[in-house]
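Novice: Structural data only, the sequence is not supplied:
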């Protein structure tokens, strides 16, 4: 039911619509045998001619009112008023209204709706794109940071052997990360490739210089997308779970890490330590000395690893489809850190496979293809003026301030150095405690008192004879 005013409005617009009037005339006089013989303005209705009829000056298709062209935009807005999506709006409109191309008009309206574009689900999963397989130990490693019990841990995982290295760092600056990586690389050698996320500590000039000096390729992935650095992210999950259990039971984290690296991997006959070092490491579990001798080939494990990756990709790729690449200059939508709203952005181009650089206002972000929505919107000035209240990367001023704070201890007085010394605790169980050379510059062990020289007695001591022994 509709009000009389709305009915009169529809009648007035229908009477002034030349196309509907031509259709009404064809209904009264009859349709020709061929579509091309009908008036051009009425040909869009030819396929529905058997369902068309007029009633009280209005044209209907069955029980559905044919909306005059001047009212179609108004009807679309009414149907989309609750933003229930394309399919929901179509189901609602198909019950009462009709005009040729109604579905296409509604889809075009919804695709340009800012509210609907801002609140949307993620795009579907893409087929798996795996990292290149490592064919020898420690040729490719992944690194990531994690926070546990107010500690910052640097975790490094080998792609071939799955061997884990865990180091505690005092802060997340490039200086601290580079130092720990140098220590780890000095034990196992320099890898060919190091895979990390695009965190601020991994993209500084200092870290780039470290990669160039130590002759390894640094590969970065999209931040906030764990799958792109899956090896390191999985290692973080393992370490967090393992160290949390150690805290609950009071066991040693060092022994837990040692035992994990010396436990045979599921589906394989060797442990990460055997695949990396070619031998078992001694643990507190009793074993024969012959088991600790290095005697292990890597060819068979390489085939097993490749087979497992193919199998993993086979199951992962079910239900996936490839997303269309986004060209530079196209408007996209992304979720800013800490927000569930899809914010418009401008694509700057693809910087790595499935990884794009986008611009929101004056800030640039890097996102995986699945984190971006290709909406087909037109570029407008409001994209450049979008205000962003977040920071994903430290700028040059922030990095300079952090480095100045780190180097402050070198320029302070001896009294200030004494106050700034860290308290060494026995429970810090993720790295050996080392006394810095900077703390030994004060001659705290020197004394101004002269050294006392002991004097020896010159008295002759005769042998005792009371026991009758001459060779005493």
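Specialist: Arrived safely. Owing to the predicted nature of the structure, the values given are computational and were not obtained by experimental measurement.
Novice: rest of the way, CA atoms for contacts and neighbours
Specialist: OK.
Novice: Please tell me how far residue 15 sits from residue 7.
Specialist: Separation of residue 15 from residue 7 (C-alpha to C-alpha, to the nearest Å) stands at 12 Å.
Novice: quick one: which of those two has more around it?
Specialist: residue 15 (15 against 12; other C-alpha atoms under 10 Å).
Novice: which secondary structure element contains residue 365?
Specialist: strand 363-368 (DSSP states H and E).
Novice: Likewise for residue 182?
Specialist: helix 174-188.
Novice: and that helix, what does it pack onto?
Specialist: Packing contacts for helix 174-188, counted by 3 or more C-alpha pairs under 8 Å, 6 or more residues apart in numbering; DSSP states H and E, involve strand 164-169, helix 205-213.
Novice: Can you tell me which of the ones you listed is packed in deepest?
Specialist: Burial of the helices and strands packed on helix 174-188 is given as mean neighbour count (mean count of other C-alpha atoms under 10 Å); strand 164-169 ranks first at a mean of 20.
Novice: Pull the residues that contact that strand.
Specialist: The contact list for strand 164-169 (C-alpha atoms under 8 Å, 6 or more residues apart in numbering) reads 151-158, 176-177, 180, 184, 235, 257, 261, 430-431.
Novice: before we move on, back to that, now do the buried residues in the helix holding residue 182.
Specialist: 174, 175, 176, 177, 178, 180, 181, 184 (16 or more other C-alpha atoms under 10 Å).
Novice: can you list contacts of stretch 123-142?
Specialist: For stretch 123-142, the surrounding residues in contact (C-alpha under 8 Å, 6+ apart) are 156-161, 188-196, 229, 231-232, 275-276, 298, 302, 306, 313, 316-323, 370-373.
Novice: Can you mark which positions in that stretch are buried?
Specialist: By neighbour count on 16+ other C-alpha under 10 Å, the buried set for stretch 123-142 is 125-128, 134-142.
Novice: now, which of those sits nearest residue 67?
Specialist: Top of the list for closeness to residue 67, among the buried residues of stretch 123-142 and by C-alpha to C-alpha, is residue 125 at 40.0 Å.
Novice: Could I get the full set of strands for this protein?
Specialist: All strands of the chain, identified by DSSP state E, fall at 52-55, 58-61, 64-66, 97-98, 140-148, 151-158, 164-169, 193-197, 217-221, 331-335, 342-352, 355-360, 363-368, 372-374.
Novice: possible to save those as a markdown table with distance to residue 104 and mean pLDDT?
Specialist: Formatted as a markdown table, these follow (distance: least, C-alpha to C-alpha, whole Å; pLDDT from 0 to 100):
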| stretch | distance to residue 104 | mean pLDDT |
| --- | --- | --- |
| strand 52-55 | 21 | 88 |
| strand 58-61 | 18 | 89 |
| strand 64-66 | 16 | 90 |
| strand 97-98 | 12 | 91 |
| strand 140-148 | 47 | 94 |
| strand 151-158 | 51 | 96 |
| strand 164-169 | 55 | 96 |
| strand 193-197 | 42 | 94 |
| strand 217-221 | 39 | 93 |
| strand 331-335 | 22 | 93 |
| strand 342-352 | 24 | 93 |
| strand 355-360 | 30 | 94 |
| strand 363-368 | 30 | 94 |
| strand 372-374 | 19 | 93 |
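Novice: Mind putting the ones you listed into CSV with distance to residue 280?
Specialist: Shown next, in CSV, are the strands of the chain (distance: least, C-alpha to C-alpha, whole Å):
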stretch, distance to residue 280
strand 52-55, 84
strand 58-61, 80
strand 64-66, 78
strand 97-98, 75
strand 140-148, 21
strand 151-158, 17
strand 164-169, 15
strand 193-197, 25
strand 217-221, 30
strand 331-335, 47
strand 342-352, 39
strand 355-360, 40
strand 363-368, 40
strand 372-374, 46
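Novice: for this protein, which spans come out with low pLDDT?
Specialist: 1, 296, 298, 380-472 (pLDDT under 70).
Novice: residue closest to the middle of it?
Specialist: Ranked by distance to the mean C-alpha position of the chain (C-alpha atoms, centre = their mean), the top residue is residue 225 at 1.6 Å.
Novice: can you tell me which residues contact it?
Specialist: Residue 225 makes contacts with 367, 368, as judged by C-alpha under 8 Å, 6+ apart.
Novice: distance of it from residue 368?
Specialist: 7 Å.
Novice: wait, isn't residue 157 in contact with residue 181?
Specialist: No: with contact defined as C-alpha atoms under 8 Å, residue 157 and residue 181 do not form a contacting pair (11.8 Å).
Novice: in stretch 114-125, what's buried?
Specialist: 117, 118, 125.
Novice: Ok, stretch 239-256 next?
Specialist: By neighbour count, with 16+ other C-alpha under 10 Å as the criterion, the buried positions of stretch 239-256 are 239, 240, 243, 246, 253, 256.
Novice: For these, work out which two are farthest apart.
Specialist: Spatially, the most separated pair among the buried residues of stretch 239-256 is 240 and 256, at 11.7 Å (C-alpha to C-alpha).
Novice: Quick check: residue 132 vs residue 199, distance?
Specialist: With C-alpha to C-alpha as the criterion, residue 132 and residue 199 are 22 Å apart.
Novice: cool, and residue 101?
Specialist: 49 Å.
Novice: And residue 46, by the same measure?
Specialist: 62 Å.
Novice: Kindly reformat the buried residues of stretch 239-256 as JSON lines containing distance to residue 290.
Specialist: Supplementary listing: those in JSON lines, determined by distance: C-alpha to C-alpha, whole Å:
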{"residue": "239", "distance to residue 290": "30"}
{"residue": "240", "distance to residue 290": "34"}
{"residue": "243", "distance to residue 290": "31"}
{"residue": "246", "distance to residue 290": "31"}
{"residue": "253", "distance to residue 290": "27"}
{"residue": "256", "distance to residue 290": "23"}
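Novice: From the residues you listed, pick the one nearest residue 146.
Specialist: Of those, the one sitting nearest to residue 146 (C-alpha to C-alpha) turns out to be residue 240, at 8.2 Å.
Novice: if we can go back for a sec, could I get the buried residues of helix 174-188 as TSV with distance to residue 379?
Specialist: Shown next, in TSV, are the buried residues of helix 174-188 (distance: C-alpha to C-alpha, whole Å):
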residue	distance to residue 379
174	37
175	41
176	42
177	40
178	41
180	45
181	44
184	48
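Novice: Paired strands for the strand holding residue 365, with orientation please.
Specialist: Strand 363-368 pairs in its sheet with strand 355-360 (antiparallel), by DSSP bridges.
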